[in-house]
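Colleague: Sharing a sequence plus its predicted fold:
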Amino acid sequence: MPINVPKDLPAVKILTKENIFAFTPQRARQQDIRPLKILIANLMPQKITTEIQLLRLLSQSPLQLDVTFLKMRHHASKTTSASHLDTFYQEFSAVKAANFGALIITGAPVEKMAFDHVDYWQELTTVMEWSKRHCTSVLHICWGAQAGLFYHYGIDKVLQPEKIFGIFPQQVEAADRLVAGFDDLFYMPHSRYTGIETEKLTSAGLNVIATGKATGPSIICSANHKQLFVLGHFEYQTETLQVEYERDQAKGLATAAPENYFAADGKIFNRWRAHATLFFMNWINDVYQVTPYDWC
């Protein structure tokens, strides 16, 4: 895995135990190849967990990736230490002059709130506007996808009667290089209270690449692949939905057990890992091909 991250990032130790090797900056400087710069706006509360999840998928690419983590200046994290954020994250002011091959905007547990009630909404819209000129492609995940659809296309989220929670089958609806090699039917984890209406996506000229009967559209992209929206969580680990379910139960929420997740004996079988890996490899390779050599 030629992925360049700070050597003391906690994710490195965990991924090394999984026989996934991360370059140190010193080793990366010895490689006579062009790295692809990736900026990750990590909006999830458990930031270290999300770092591991995303780096695990990005690591499967044979390309050298230089990863920078972005934090929202106007949001104080309650679950990740300030020292971790100060050490491994940059504020927007430190990166706004640079270009990146890719930007990832993660989900966030704020989907029941109006967008303009989120304390970092103005800062996030600044980043999304900036990305039009400074990023080859932007991957929006879950709430990040809803935020991107609202900002770029004026498409608002729709509250669902019940939480969409579990592992749901998805059907490939359109041939696209982002799903090259996919089976016609694949699985994706979902954990959200809101969705997007398909008719509004098509009216906006967006391509619906995959959809599910229980989830609605799940993979959407603009015609030029500049904006990519994934309503599910390809990055989730095997136990992530179990952790979320137990969290909701501890809070006294009436969240039903995740669908299509627990076997009769309580075991969990990961049915999305291969397609998740393939999706990220397709996306990263695509971005690498279209990003000018000396642009970032």
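Modeller: Arrived safely, thanks for sending.
Colleague: low-scoring stretches of the protein, by residue?
Modeller: 1-4, 18-33, 296 (pLDDT under 70).
Colleague: quick check: longest helix of it.
Modeller: helix 273-290 (DSSP state H).
Colleague: give the contact list for Val95.
Modeller: Residues near Val95 by CB atoms under 8 Å, 6 or more residues apart in numbering: 39, 68, 70. To be clear about C-beta, it is placed using only N, CA and C from the backbone, and glycine gets the same treatment.
Colleague: Now, these that are in strands?
Modeller: Using DSSP state E to define strands, the subset of those located there is 39, 68, 70.
Colleague: Just list whatever residues bridge to the first one.
Modeller: The reference is to Leu39. Leu39 has these beta-bridge partners by DSSP bridges: Thr68, Leu103.
Colleague: Near it, how many other residues are there?
Modeller: 26 (other CB atoms under 10 Å).
Colleague: Relative to Gln227, how far out is it?
Modeller: 15 Å (CB to CB, to the nearest Å).
Colleague: what do you get for the second one?
Modeller: Thr68 sits 20 Å away from Gln227, taking CB to CB as the criterion.
Colleague: same check, this time on Thr50
Modeller: Counting by CB to CB - Thr50 and Gln227 are separated by 21 Å.
Colleague: now the helices: where do they sit in the stretch 101-250 of the chain?
Modeller: 121-134, 143-153, 198-203, 240-250 (DSSP state H, counting those that start in this stretch).
Colleague: mind listing what's buried in the third one?
Modeller: Judged by neighbour count (16 or more other CB atoms under 10 Å), helix 198-203 contains these buried residues: 200-201.
Colleague: What of the last one?
Modeller: Residues of helix 240-250 classed as buried by neighbour count (16+ other CB under 10 Å): 240-242, 244-245, 248.
Colleague: list the helices and strands that helix packs on?
Modeller: Here helix 240-250 touches strand 158-172, strand 185-195, going by 3 or more CB pairs under 8 Å, 6 or more residues apart in numbering; DSSP states H and E.
Colleague: Out of these, which is closest to Tyr120?
Modeller: Smallest distance to Tyr120 across the helices and strands packed on helix 240-250 (CB to CB): 18.6 Å, for strand 185-195.
Colleague: what lines up beside that closest one in the sheet?
Modeller: Here, using DSSP bridges, strand 185-195 pairs with strand 158-172 (antiparallel).
Colleague: Just want the angle from the strand it pairs with to helix 240-250.
Modeller: Counting by axes from the mean of the first three to the mean of the last three CA atoms, to 10 degrees, strand 158-172 lies at 160 degrees to helix 240-250.
Colleague: and the angle for strand 158-172 with helix 273-290?
Modeller: 90 degrees.
Colleague: Any idea how many residues pack against Thr68?
Modeller: By other CB under 10 Å, neighbour count at Thr68 equals 20.
Colleague: Let the chain start at 44 from now.
Modeller: With 44 as the first residue, the last one maps to Thr111.
Colleague: got a list of what it touches?
Modeller: Contacts of Thr111 (CB under 8 Å, 6+ apart): 80-83, 133, 138, 143.
Colleague: Leu221 now?
Modeller: Contacts for Leu221 (CB under 8 Å, 6+ apart) come out as 252, 262, 264, 268, 271, 322, 325-326, 329.
Colleague: Between these, which sits nearest Thr298?
Modeller: Ile262 (24.8 Å).
Colleague: The closest one against Ile252, yeah?
Modeller: Yes: counting by CB atoms under 8 Å, Ile262 touches Ile252, with 4.2 Å between them.
Colleague: Look at the two and report which has more neighbours.
Modeller: Neighbour count, other CB under 10 Å: between Ile262 and Ile252, Ile262 has more, with 27 against 23.
Colleague: who touches that one in this structure?
Modeller: 213, 221-222, 251-253, 271-274, 322.
Colleague: ok, 7 Å please
Modeller: By CB atoms under 7 Å, 6 or more residues apart in numbering, the residues touching Ile262 are 252-253, 273.
Colleague: who does it bridge with?
Modeller: Ile262 has the following beta-bridge partners by DSSP bridges: Ala253, Val273.
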